[in-house]
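Undergrad: Attaching a predicted model along with its sequence, questions to come.
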Amino acid sequence: MKGGKSKTEAKKPDSRLSVKKGKGGGGTAKAAPKRPVKGAAKDPNKPKRPPSAFFVFMEDFRKQYKEKHPNNKSVAAVGKAAGDKWKSLSDAEKAPYISKAEKRKVDYNKSMDAYNKKLAGGTGEEDESDKSKSEVNDEDEDQSGEDDEDDEEEDD
């Protein structure tokens with residue numbers, strides 16, 4: 001044997017060194033998942049995040065691009081052309097899209113505040129408000145009934 005070490009001797013040190021498993025590096029505790037669990041349900045009533053200035057620009061650009069290139073079916077081609085066009089725009093040309101995006105962000109923040117208040121209140125307040133409405137209606141009916149009786153007694 002000319003090489004010195006046999007194959008088994010070369011494998012032993014490697015097998016001892018390859019103790020690490022996974023990415024985290026040596027620890028036995030698992031890292032928290034970075035993405036939400038697939039089974040987690042999203043609330044359909046939650047407002048959507050507002051688009052950035054680029055995506056506001058994309059709304060207009062898609063319409064123009066489809067008019068010029070009606071046979072193009074490639075989403076990637078539209079996105080690439082839009083990105084190139086956005087990069088070539090000056091700050092003054094981007095300003096209307098930026099202002100629209102900021103306006104949408106303000107609207108989003110308002111709707112998120114309302115959404116969070118609704119969540120904080122929970123379903124308990126809705127039940128209480130329903131009960132209070134029915135109780136108020138019952139009281140009104142009772143009072144109106146009493147008033148009718150009083151009117152009848154006064155007439156006599």
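TA: Now that the structure is in, tell me what you want to look at. Numbering: from 1, shown residues only.

Undergrad: going forward, measure contacts between C-alpha atoms and count neighbours the same way
TA: Noted.

Undergrad: Following element in sequence after the lowest-mean-pLDDT helix or strand in the chain, please.
TA: Sorted by mean pLDDT, DSSP states H and E, the helices and strands of the chain end with helix 7-17, the least confident at a mean of 55. Of the helices and strands lying after helix 7-17 in sequence (DSSP states H and E), the nearest is helix 53-68.

Undergrad: The next helix or strand after that following helix - contacts with which helices or strands?
TA: Once the chain leaves helix 53-68, the next helix or strand it forms, by DSSP H and E, is helix 75-88. Counting contacts by 3 or more C-alpha pairs under 8 Å, 6 or more residues apart in numbering; DSSP states H and E, helix 75-88 is packed against helix 53-68.

Undergrad: looking just at contacts, which helices and strands does the helix it packs on meet?
TA: When contacts are defined as 3+ C-alpha pairs under 8 Å, 6+ apart, helix 53-68 sits against helix 75-88, helix 91-155.

Undergrad: List of residues touching the shortest one?
TA: When contacts are taken as C-alpha atoms under 8 Å, 6 or more residues apart in numbering, the neighbours of helix 75-88 outside the stretch itself are Phe54, Phe57, Met58, Phe61, Arg62, Tyr65, Lys94.

Undergrad: measure the nearest residue to Tyr97 once chain neighbours are set aside to Ala82 for me?
TA: In this structure, Tyr97 finds its nearest non-sequential neighbour in Ala53, 5.1 Å apart by C-alpha to C-alpha, 6 or more residues apart in numbering. Ala53 sits at a distance of 12 Å from Ala82 (criterion: C-alpha to C-alpha, to the nearest Å).
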